[in-house]
Structures are given as structure tokens and as C-alpha cells.
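Student: predicted model and sequence below, questions to follow.
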Amino acid sequence: MKKHLALLGLGTIGQAVFNELLATIAPDWQLDWVVVKHLKRHLGLPLPTTTRLTTDWHRAVNDPQVDVVIELIGGTTVAKKIVTTALQLGKQVITANKDLIATSGNELSRLAHDNGGALAYEAAVAGGIPIIRTIQESLAPDRITGISGILNGTSNYILTAIQNQGLTYQAALKQAQINGYAEANPTKDLNGIDASYKLIILVRLIFRSRLTLLQLSPQGIDQLSPRIFNVANHFQRQIKLVAQAQMVNGTLYAGVYPLALTPTHPLAQVNGVTNAITVDSDLVGTSTYLGPGAGGPATANSVLADLQAFIRNDYHHNNPCLPAAQFASPLNQPHAYLIVGKTTPAQITPPITPQALATYQANDPTLAWVVAESERL
């Protein structure tokens, strides 16, 4: 049966999806609506004869002929209204909106379940890496025990530029913005919130548990001292912003924070805007997935993969009833730390408690530190 589509949003990802839909002649779908914010900017859009252009999302979503709503406008206000309306009508929804899925995924999955719709969001995590489908299909017979990943391309680009090119933090950020790898306001990329939202989605899928941003309390790269990079270089460590989670005896240990990794760590040599996710499981062991974490074409591929799954009727139904996780922060456990201060020589400590680290800081207020790990959680 032919799927009738409504595409909402023509930003970087939306335009890439539109271009691919336009370039593909397929008997399985028809683009009925394109919804934009500013009509005049898109009057020259090369629309198929069957496609209507509008600024009113209600017209597109409420069209009884539309089967699939592709939400690519971002944000959590209007986007949530759009997705909620579509799911209440029993439609299938595809989104790349990590903020929305991380904060309202349980509620939206229930709507999909209760109304006979579906919610797909492969593009919401790690851009062009098909990690959600890998978890739901390739690793379905396995039992995943832990994950760790570089889930934000902006922060990884900046860290790479600081450590490999010798740039300052501000110079690396400016370079990322000039090259299109950082937004004008990159706050969520730098403070760890973006990576946290992606981890929340992965935890939901893998461990069937709800996790919140408040629980994660992420630490980003924006508070790292410039001195710590010199020390990391001295000890041949690579600092990466790592999101990780592991289930141990029914307790979920999860966190997002900078880690000083040894060169042999699977994530240590992942540079630039590349994303990577390492999965530990009983049958496969350790497997690592690399790819572009953002960008129009790569993310569009994930959107279109969800569309193909809907066309084939080969998609995974959403579980709307997920319990809150029994959570513990890994930062409350003993860790080795890379430290340096005015009166503290550069060193990697043995595993110490947070209280012991606080003692170091009390004795040397200039102390700079980062967690030093050679093994994942």
C-alpha cells in the first residue's frame, strides 16, 4: 500500500530528506505536504504536482490521506503538539528530535500504542549510525550489559582541535562554528546535555528503563581547565566527552562526563565530528559502531530508513510502560583521576573516592582534574 507523507521542516535535515525524496521515484510513497515556517522563502521549491506547500501544520497532519508524518522542525513545544496530534490520529511518525524523545518518549510511545500508530526515531541518536536498528534487530538475541559512546560531534571536534592542533578552547569553538560543526549557541553541545538526551534514548531501548537529565547531571567540556590538556598529553591520554551506562545487579550506572582515555581504548582515536558507540554484550562481546554523528545527508539516511521500515511493515512497536531506573552515578564510585595544581604535581591518582578528591581540592584550590579511565564502566 502506498504511504502518503507529510514532511514538516526544511532545515538542514528536512532539506536533505526532501532532496532524496525528490530524487527517488518510488511507487510505495507519495509526498502530499511540505510544511515550512516562512512560505515566501520556499515559493520556488520544485514541488511534485501532488505536493502542497503550507505554513499550517494542522492542515497536513489532520489530512486523513496522510499516513506518515515526518517531524523535522526540532524543539519540544510545537514539535510535541505535532507528534501528539499525529499519534492520536493513529498515524506513523518519524522524527530526528532527540530532545523530544528523551523528555517525552514514554508519553508519546503510549499514544502510539494506544491509538494504533507508530513512533520511529533512528535519526535522533548518532546521526548516520544505525544504532537503534542494530540494537532492536542485530543485537536482539543478545543481552547488552553496557554501552559507552562519543555522542556529540561538536564537543569531539573541539577536543580534537585542542589536543591535536594545540588550539585554545575558544579558538577551537570558533573554528567549529566557521566550519559548520557548531551552532551559534552551542550550549547543549558543550555542557553535555545533547549527549545526555541521546544516552537517555539508548538506555530506554537497551535497559527498558526511564532516565532523566536531572539524574545524569552531566558534566561537559566547557569547565575543563586548559592545564589538564597538557597533563593529558604528558600521560598519553585523550580526553573525550563520553556517555556511558551499565546495568549491575539491577542498578543502572550512567553518566556523561569527560574521560582521559588510554590510547588502546576503543573511543580514544575517534576524532573530529565522528560519533562512536561501543556496545558490550554477552554473545558478541565488544562491538564498536562509527559514523557521522550529524549533517543533513547522514541524518536523512536514518529518516528514510525508518520510512522504508514503515513501508515494509517492518518496524518495532513501542513499549509505553517503562519503569524508572534504579539509578546510581558512576562518579560516586572510586576512580583514578588525572590531576594537576599549583602545589599538586601532575599525576594519575590510584582509584580514590569523591571525598578524597575533595580533600585534594581543599588542599589546593587551583586543582584541575578529569576522570582517568582505561576501562569502561
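Tutor: Arrived safely. Numbering: from 1, shown residues only.
Student: confirm that Val370 sits in a strand.
Tutor: Yes. Assessed with DSSP: H, G, I helix; E, B strand; the rest coil, Val370 lies in a strand.
Student: pLDDT score assigned to it?
Tutor: Val370 carries a pLDDT value of 96.
Student: identify the residues contacting it.
Tutor: 224, 228, 232, 239, 258-260, 337-338 (CB atoms under 8 Å, 6 or more residues apart in numbering). Heads up, the C-betas are built off the backbone N, CA and C, glycines and all.
Student: closest to Thr12 out of the residues you listed?
Tutor: Taking CB to CB as the measure, Thr12 lies nearest Pro258 of the contacts of Val370, at 27.4 Å.
Student: quick check: that closest one is in a strand.
Tutor: Yes. Assessed with three-state DSSP, Pro258 lies in a strand.
Student: against Asp99, how distant is it?
Tutor: Pro258 is 22 Å from Asp99, where distance means CB to CB, to the nearest Å.
Student: when those two are compared, which one has more neighbours?
Tutor: Neighbour count, other CB atoms under 10 Å: between Pro258 and Asp99, Pro258 has more, with 23 against 18.
Student: I'd guessed the more buried one sits against Arg237; true?
Tutor: No. Pro258 is not in contact with Arg237 according to CB atoms under 8 Å; the separation is 10.7 Å.
Student: element containing the nearest residue to Tyr169 once chain neighbours are set aside, please.
Tutor: Using CB to CB, 6 or more residues apart in numbering and skipping the chain neighbours, the partner closest in space to Tyr169 is Ile162 (6.3 Å). If you go by DSSP states H and E, Ile162 is part of helix 153-165.
Student: got it, and Thr286?
Tutor: strand 285-292.
Student: tell me the strands beside that strand, with direction?
Tutor: strand 274-281 (antiparallel) (DSSP bridges).
Student: how about the helices of the stretch 251-377 of the chain, start to end?
Tutor: Ranges of helices in the stretch 251-377 of the chain, per DSSP state H, counting those that start in this stretch, are 296-311, 354-363.
Student: re earlier: what angle do the strand holding Thr286 and helix 296-311 make?
Tutor: Per axes from the mean of the first three to the mean of the last three CA atoms, to 10 degrees, the angle that strand 285-292 makes with helix 296-311 is 120 degrees.
Student: extract the C-alpha trace of strand 285-292 and format it as PDB.
Tutor: Output in PDB follows, covering the C-alpha atoms of strand 285-292 (Å, rounded to 0.1, in the frame of the first residue of the first chain):
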ATOM      1  CA  GLY A 285      31.400  -9.300  23.200                       C
ATOM      2  CA  THR A 286      32.600  -5.800  22.500                       C
ATOM      3  CA  SER A 287      31.500  -4.100  19.200                       C
ATOM      4  CA  THR A 288      32.000  -0.600  18.100                       C
ATOM      5  CA  TYR A 289      30.000   1.500  15.600                       C
ATOM      6  CA  LEU A 290      31.400   4.600  14.000                       C
ATOM      7  CA  GLY A 291      30.000   7.100  11.600                       C
ATOM      8  CA  PRO A 292      28.900  10.700  11.100                       C
END
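Student: how about it: buried residues?
Tutor: Within strand 285-292, the residues that qualify as buried by neighbour count (16 or more other CB atoms under 10 Å) are 287, 290-292.
Student: Met295: how many residues sit nearby?
Tutor: In this structure residue 295 is Gly, not Met. Other residues within reach of Gly295, judged by other CB under 10 Å, total 18.
Student: over to Thr54?
Tutor: Around Thr54 there are 15 residues (other CB under 10 Å).
Student: thought it was touching Trp33?
Tutor: Yes. Using CB under 8 Å, Thr54 is in contact with Trp33, at 6.5 Å.
Student: what sits in contact with each of the two?
Tutor: Contacts common to Thr54 and Trp33, judged by CB under 8 Å, 6+ apart, are Ala60.
Student: which stretches of this protein aren't confidently modelled?
Tutor: By pLDDT under 70, the low-scoring segments of the chain are 317-322, 374-377.
Student: which helix runs longest in it?
Tutor: Looking across the chain with DSSP state H, the single longest helix is helix 98-115.
Student: Val284 is in contact with Pro141, isn't it?
Tutor: No. Val284 is not in contact with Pro141 according to CB under 8 Å; the separation is 9.6 Å.
Student: comparing those two, which residue is more hemmed in?
Tutor: Remark: of Val284 and Pro141, Val284 carries more neighbours, 13 against 10, as counted by other CB under 10 Å.
Student: gap between the more buried one and Asp142?
Tutor: Counting by CB to CB, the gap from Val284 to Asp142 is 6 Å.
Student: next: Ser104.
Tutor: Per CB to CB, Ser104 is found 29 Å from Asp142.
Student: same question, Ala254
Tutor: Distance check for Ala254 against Asp142: by CB to CB, it reads 20 Å.
Student: next one: Thr76
Tutor: Distance, Thr76 to Asp142, by CB to CB: 33 Å.
Student: which residues touch the closest residue to Ile158 other than its chain neighbours?
Tutor: If the residues on either side of it in the chain are set aside, Ile158 comes closest to Ala172, at 4.4 Å by CB to CB, 6+ apart. Ala172 makes contact with 157-159, 161-162, 165 under the criterion CB under 8 Å, 6+ apart.
Student: could you rerun that using 7 Å?
Tutor: Contacts for Ala172 (CB atoms under 7 Å, 6 or more residues apart in numbering) come out as 158, 161-162.
Student: most neighbours among these, please name it.
Tutor: Neighbour counts for these (other CB under 10 Å) peak at Ile158, which has 30 neighbours.
Student: I'd say that one and Ala176 touch.
Tutor: Yes. If you go by CB atoms under 7 Å, Ile158 and Ala176 touch, sitting 5.7 Å apart.
Student: show me where the stretch 101-250 of the chain has strands.
Tutor: Under the criterion DSSP state E, counting those that start in this stretch, the stretch 101-250 of the chain carries strands at the ranges 118-120, 144-150, 238-248.
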